[in-house]
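Peer 1: After the sequence you'll find the predicted model.
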Amino acid sequence: LDKNIHPTIIARGYRMAASKADEILRDIGKQVGIEDDKLLLEIAETAMTGKGAESSKDQLSKLAVNAIKQVAEKKDGSYEVDLDNIKVEKKQGGSVADSEQIQGIIVDKERVHSGMPRSLNKAKIALLDSAMEIKETETDAKIQITDPSQLESFVAQEEKQIMKMVDYVVDSGATVLFCQKGIDDLAQHFLSKKEIIAVRRVKKSDMEKLAKATGAKIVSNLKELEESDLGYAALVEEKKISGDQMIFVSGCRNPKAVSILVRGGTEHVVDEVERAMHDALGGVAAAIENGKIVAGGGSPEIELARRLREYADTVGGREQLAITAFSDAVEVIPRTLAESAGLDAIDMLVELRAKHEAGETDMGIMVMEGEIGDMWKAGVVEPLLIKTQAVKSASEATEMILRIDDVISTTHKGGGGEGGMPPGAGGMPPGMGMM
């Protein structure tokens with residue numbers, strides 16, 4: 001802009017640079033598959049580096065990779081990962097090393113009745129999204145009781161209805177019941193007598209995860225509950241974690257929804273570990289879905305900037321200047337890395353450029369060692385998707401700002417003077433001045 005290049009030309013140059021950058025990044029990316037455990041672990045570890053959970057990244061990265069591999073589904077030759085199928089539950093207390101992955105779901109609820117068993121092996125699980133209570137009539141109704149025996153009969157009828165609901169559960173063969181709505185006190189009593197574990201007011205999202213983990217179907221009408229609707233878990237037990245009772249549904253057969261229990265000594269530590277875990281899960285999922293990864297440590301950015309400068313030389317017109325500016329902007333990443341590590345940013349950039357010009361395209365900044373090294377050998381890798389998305393988002397944001405600037409400057413030029421109205425478009429009629 002300072003060189004009086006029109007914003008539209010700059011935006012066009014940035015679009016060309018972004019398109020070429022995407023092409024270059026795909027070219028330097030390397031293949032990764034769901035069975036490449038070593039690379040996937042390195043991706044998770046790289047995502048956790050620099051965060052509070054870094055000291056336990058070896059263990060946490062294994063949890064992240066195992067969880068992603070468990071919920072990944074193959075479709076049309078590629079894998080899809082829905083991160084909603086991984087429930088990260090955090091609880092203060094214990095150490096980060098106590099964090100664990102459950103082959104099933106953790107439900108932050110407790111049994112509805114103390115008389116129910118605390119744990120059950122080879123559990124058959126029923127999922128119900130309607131209430132186990134006497135329904136109120138849709139219309140306003142009034143019952144007049146004139147005799148104590150009538151009241152007794154009325155109460156007995158209610159009890160019979162509740163008992164019938166419990167019988168539906170028992171007849172299906174279910175030993176564990178998760179209910180999205182409420183469970184009547186009387187129903188709780190009868191269920192405990194039948195040695196059935198019941199949990200009420202379970203969140204809808206947890207019900208959906210339970211269905212994916214156990215293979216159960218969510219039933220709306222209790223009368224229609226059958227054995228084929230039940231799910232399976234090797235163990236359902238109630239555990240006390242940091243003073244709170246939680247239900248662990250574990251040992252599911254090939255679950256497509258799993259849980260990770262994150263622990264830490266203080267609330268701050270637990271929050272940091274949870275954030276690191278989400279970053280690791282996102283990184284591994286992006287790598288499996290996209291199928292490509294690149295080195296970290298500013299290595300791809302230096303190579304990208306180098307190739308973009310070469311590309312700029314082949315482009316005529318003023319767009320060439322925009323592409324060169326784009327390549328300079330990309331080098332902010334390695335420059336910031338060097339500054340963060342307390343290194344001389346200019347020396348590092350010059351050395352990196354020289355290495356990449358010589359064909360050593362995997363060289364990047366080893367922040368911990370304070371020197372330049374091979375990122376692949378150091379195990380510092382990132383999903384390609386993160387890099388391509390960053391370039392796209394940044395270029396689109398820049399284009400938008402340029403266009404806004406273009407509109408403002410054009411309006412300003414044609415506005416007939418600073419802050420004034422166009423000639424003949426305003427003012428008061430003659431004779432309407434101040435009296």
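Peer 2: Happy to help now that I have it.
Peer 1: Please identify the helix or strand for E399.
Peer 2: Assigned by DSSP states H and E, E399 belongs to helix 384-413.
Peer 1: which residues of the stretch 151-300 of the chain fall in strands?
Peer 2: For the stretch 151-300 of the chain, the strands defined by DSSP state E, counting those that start in this stretch occupy 176-179, 197-199, 218-219, 231-241, 244-250, 258-264, 292-295.
Peer 1: Please identify the most buried of these.
Peer 2: Of the strands of the stretch 151-300 of the chain, the one with the most neighbours on average (mean count of other C-beta atoms under 10 Å) is strand 176-179, at a mean of 27. To be clear about C-beta, it is placed using only N, CA and C from the backbone, and glycine gets the same treatment.
Peer 1: What pairs with it, parallel or antiparallel?
Peer 2: Counting by DSSP bridges, the strands paired with strand 176-179 are strand 119-128 (parallel), strand 197-199 (parallel).
Peer 1: just to revisit the earlier point, reformat the strands of the stretch 151-300 of the chain as CSV; add distance to L321.
Peer 2: Formatted as CSV, those follow (distance: least, C-beta to C-beta, whole Å):
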stretch, distance to L321
strand 176-179, 63
strand 197-199, 65
strand 218-219, 60
strand 231-241, 60
strand 244-250, 60
strand 258-264, 49
strand 292-295, 27
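Peer 1: Let me have those in TSV, extended by mean pLDDT and distance to E158.
Peer 2: TSV is the format used below for those (pLDDT from 0 to 100; distance: least, C-beta to C-beta, whole Å):
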stretch	mean pLDDT	distance to E158
strand 176-179	94	19
strand 197-199	93	19
strand 218-219	92	23
strand 231-241	91	29
strand 244-250	91	29
strand 258-264	91	38
strand 292-295	90	63
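Peer 1: Go through these and name the closest to T314.
Peer 2: T314 lies closest, by C-beta to C-beta, to one member of the strands of the stretch 151-300 of the chain: strand 292-295, at 23.8 Å.
Peer 1: Walk me through which strands that closest one pairs with, and which way each runs.
Peer 2: Next to strand 292-295 in the sheet, as set by DSSP bridges, lie strand 30-31 (antiparallel), strand 381-383 (antiparallel).
Peer 1: Count the residues that sit near E89.
Peer 2: Neighbour count of E89, defined by other C-beta atoms under 10 Å: 17.
Peer 1: now swap in the one 3 residues further on and tell me
Peer 2: Neighbour count for Q92, taken as other C-beta under 10 Å: 18.
Peer 1: and it, what does it touch?
Peer 2: By C-beta atoms under 8 Å, 6 or more residues apart in numbering, the residues touching Q92 are S242, R263, G264, G265, T266, E267, V270.
Peer 1: at 6 Å instead, please
Peer 2: Counting by C-beta atoms under 6 Å, 6 or more residues apart in numbering, Q92 touches S242, E267, V270.
Peer 1: Next one: the residue most central in space within the chain from I302, what distance?
Peer 2: Nearest to the mean C-alpha position of the chain, counting by C-alpha atoms, centre = their mean, stands L83 at 5.2 Å. According to C-beta to C-beta, to the nearest Å, L83 and I302 sit 31 Å apart.
Peer 1: what's stretch 394-402 in contact with?
Peer 2: Residues from elsewhere that reach stretch 394-402 (C-beta under 6 Å, 6+ apart): P7, I10, A11, Y14, A18.
Peer 1: try 8 Å this time
Peer 2: Against stretch 394-402 from outside (C-beta under 8 Å, 6+ apart): P7, T8, I10, A11, Y14, R15, A17, A18, A21, F326, A329.
Peer 1: try stretch 265-280
Peer 2: 43-45, 47-48, 51-54, 56-57, 60-61, 63-64, 88, 90-96, 99, 260, 262-264.
Peer 1: export that stretch as PDB, just CAs?
Peer 2: This file holds the C-alpha atoms of stretch 265-280, laid out as PDB (Å, rounded to 0.1, in the frame of the first residue of the first chain):
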ATOM      1  CA  GLY A 265      -3.000 -32.200  41.700                       C
ATOM      2  CA  THR A 266      -4.600 -28.800  41.300                       C
ATOM      3  CA  GLU A 267      -7.400 -27.200  39.300                       C
ATOM      4  CA  HIS A 268      -4.800 -25.300  37.200                       C
ATOM      5  CA  VAL A 269      -2.900 -28.500  36.400                       C
ATOM      6  CA  VAL A 270      -6.000 -30.400  35.400                       C
ATOM      7  CA  ASP A 271      -7.100 -27.500  33.100                       C
ATOM      8  CA  GLU A 272      -3.600 -27.400  31.500                       C
ATOM      9  CA  VAL A 273      -3.600 -31.200  30.900                       C
ATOM     10  CA  GLU A 274      -7.200 -31.100  29.500                       C
ATOM     11  CA  ARG A 275      -6.100 -28.400  27.000                       C
ATOM     12  CA  ALA A 276      -3.000 -30.300  26.000                       C
ATOM     13  CA  MET A 277      -5.100 -33.500  25.500                       C
ATOM     14  CA  HIS A 278      -7.600 -31.700  23.300                       C
ATOM     15  CA  ASP A 279      -4.700 -30.300  21.200                       C
ATOM     16  CA  ALA A 280      -3.100 -33.700  20.900                       C
END
